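Asks: with the input below, show me the fold.
(chains A and B)
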Amino acid sequence: MLTGNQQDQFATALIAYLPRLRRYATALAGSVSVADDLVQDCMERALKRAETLQDPQRMAGWLRSILLHLYMDMVRLQRSRGTGVDITQVDNDLALSVPPADRGATIDFIRALDGLSVEHRQILLLVGLEGLNYREIAEELGIPMGTVMSRLARARERLRNALDKEQNVNSAEQLSARR
Amino acid sequence: MTAMNNESGINKEELHAFIDGELDPIRAAEFAELVENDPALAARVAAFRSDKEQLDQIYGSLRDLPVPPEWLQRVRDVSVPRRPSFSRAVFSRPGVVAIAASLLLILTVNFWFAYERFITTNEDAVIAEAFAARQDATHAEQSVAVASIVPEARNQVLTMALSMMLKAPDLTRLGYRLENIRIFSGVPGGKAAELAYRDEQNRVFTLYLRHPSSPPRVDLVERDGMRICIWQDDVLSTVMLGEMSAGEMARVASLAYSGLTL
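Replies: Model (predicted):
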């Protein structure tokens, strides 16, 4: 049971981290609306289990971990029901935040990222968006540094391959449209 | 596990460690040379770097999306059910503006009297606390870098700490930008908050807030080149510190005090 003071500290830290958690969730899930549901569930779970957070300095990783579990549960449920997020809607949500000239490339990027496994998306986001170093990622995920490095290398290679494919498809489409 | 690039003897893991700045300086320098002399490798590095930048470009700004107020309220409701929250509605905006307008006159009249009392009485614990906080002589229970949170979250941090509806004042009109909020405990009324602002000349203005422990007052004094404004009512005690003229302090203090009201 947290003391009043600890409870206040916990709440303040949670509030301070919510914008970043929402961004992480959006990138992970590829959808603003899905991310908002995830963050709200994550917030509720965190508030219920506040006393299980051993080290307040690790709140960010703790919240990301709760959120990832919630996301995995959601993905499993969607698979079992045969439903999923409408990728077109997802692309549009995020593409609207960039200048019109960049929207095509943004949509390609979002699609390529969404096509990766959750594990690969997660490690790309931890490095590229959350700004964690390899040691911090190894600690957060409970894996050796070597695994962090090889997983990251594979994730980036797959993302690049997917982007190359998207670009090839776009070039072919443009070529046929000209004919 | 380690995949090698046949052409240059570089393994993929190291390539990405190079991109992320995770190699030790000697190995990084070797890598930089290899990249410089190998156009194909340089193109790969550029492509991976571009992908990393694009990730940040697309999603980075999402951090600035305002957090729905109901989320903040939910955290607050769950975390502080034991304390009633009350608004500082006792100070209506027109009332605050009227007080602010007459502040300079009152302060000028009261200056010498206030200074005398300040140096001869023992009722200025809150000023001593504000100085200690500004000079890092007190350990902050929490420190929140403002750049990392949205305005609603800043307000919520203050509201949580002092258990009353408060807003982090916007002083940009007078050239001061909010940089940091720190929370202190173990003071009369429970907790205190210090908001640190900085202007383009690198001058720092601090606003220290806590529950009052002495009667309402409005004073402006100067000590060792530091202008001190204490503005206190029945609900909130504020101490504002900055190296500035009395006139400037009166303007900044008025804006800060009126800006605390949600």
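Asks: nearest to chain B within chain A, name that residue for me.
Replies: Closest residue of chain A to chain B, Cβ to the nearest Cβ: residue A:11 (3.5 Å). For every residue, glycine as well, the C-beta is placed using N, CA and C.
Asks: quickly note the distance from that residue to residue A:32.
Replies: Distance of residue A:11 to residue A:32, given as Cβ to Cβ, to the nearest Å: 24 Å.
Asks: between those two, point out the one with more neighbours.
Replies: For residue A:11 versus residue A:32, neighbours defined as other Cβ atoms under 10 Å in any protein chain shown are more numerous around residue A:11 (24 against 18).
Asks: which element, helix or strand, includes the more buried one?
Replies: helix A:4-29 (DSSP states H and E).
Asks: ok, residue B:59 next?
Replies: helix B:39-59.
Asks: mind telling me what element the nearest residue to residue B:156 once chain neighbours are set aside is part of?
Replies: Closest residue to residue B:156 apart from its sequence neighbours, by Cβ to Cβ, 6 or more residues apart in numbering or on different chains: residue B:72 at 4.6 Å. Using DSSP H and E, residue B:72 sits within helix B:69-79.
Asks: quick check: the residue nearest to residue B:156 touching residue A:15?
Replies: Yes: contact criterion Cβ atoms under 8 Å: residue B:72 and residue A:15 qualify, at 5.9 Å.
Asks: so the two - more neighbours on which side?
Replies: residue A:15 (27 against 24).
Asks: now for that one: which residues touch it?
Replies: Contact analysis of residue A:15 by Cβ atoms under 8 Å, 6 or more residues apart in numbering or on different chains lists B:67, B:72, B:75, B:149, B:153, B:156, B:157, B:160.
Asks: what's the separation between the second one and residue B:180?
Replies: Noted for residue B:72: a distance of 20 Å to residue B:180, by Cβ to Cβ.
Asks: cool, the third one as well?
Replies: Using Cβ to Cβ, one obtains 21 Å as the distance from residue B:75 to residue B:180.
Asks: now do the last one
Replies: According to Cβ to Cβ, residue B:160 stands 16 Å off from residue B:180.
Asks: of those two, give the one with the bigger neighbour count.
Replies: residue B:160 (25 against 17).
Asks: state the helix or strand in which residue B:209 lies.
Replies: Here residue B:209 is assigned to strand B:204-210, by DSSP H and E.
Asks: for residue B:184, that is, sorry about that
Replies: For residue B:184, the element it lies in under DSSP H and E is strand B:177-187.
Asks: who are the packing partners of the helix or strand that comes right after that strand?
Replies: As assigned by DSSP H and E, the chain's next helix or strand after strand B:177-187 is strand B:190-198. Counting contacts by 3 or more Cβ pairs under 8 Å, 6 or more residues apart in numbering or on different chains; DSSP states H and E, strand B:190-198 is packed against helix B:125-134, helix B:151-162, strand B:177-187, strand B:204-210.
Asks: buried stuff in the third one?
Replies: I take that to be strand B:177-187. B:178, B:180, B:181, B:182, B:183, B:184, B:185, B:187 (16 or more other Cβ atoms under 10 Å in any protein chain shown).
Asks: likewise the first one?
Replies: Within helix B:125-134, the residues that qualify as buried by neighbour count (16+ other Cβ under 10 Å) are B:126, B:127, B:129, B:130, B:131, B:133, B:134.
Asks: quick one: the third one from residue B:189, how far?
Replies: Pointing back at residue B:129 there. Distance from residue B:129 to residue B:189, by Cβ to Cβ: 11 Å.
Asks: return the residues in contact with the residue most central in space within chain B.
Replies: Centroid check for chain B by Cα atoms, centre = their mean gives residue B:180 as the closest residue, at 2.1 Å. Neighbour list for residue B:180: B:143, B:144, B:145, B:146, B:195, B:196 [criterion: Cβ under 8 Å, 6+ apart].
Asks: sketch out the low-pLDDT regions of chain A for me.
Replies: Low-confidence segments of chain A, defined by pLDDT under 70: A:1-2, A:4, A:80-102, A:175, A:178-179.
Asks: the strands in it, which residues?
Replies: Assigned by DSSP state E, the strands in chain A number zero.
Asks: and the residue nearest the centre of it?
Replies: residue A:28 (2.1 Å).
Asks: thought it was touching residue A:123?
Replies: No: contact criterion Cβ under 8 Å: residue A:28 and residue A:123 do not qualify, at 11.2 Å.
Asks: can you list the buried residues in stretch B:154-172?
Replies: Quick answer for stretch B:154-172 (16+ other Cβ under 10 Å): B:154-169, B:171.
Asks: let me know the average pLDDT across the strand holding residue B:184.
Replies: Averaged over strand B:177-187, pLDDT sits at 91.
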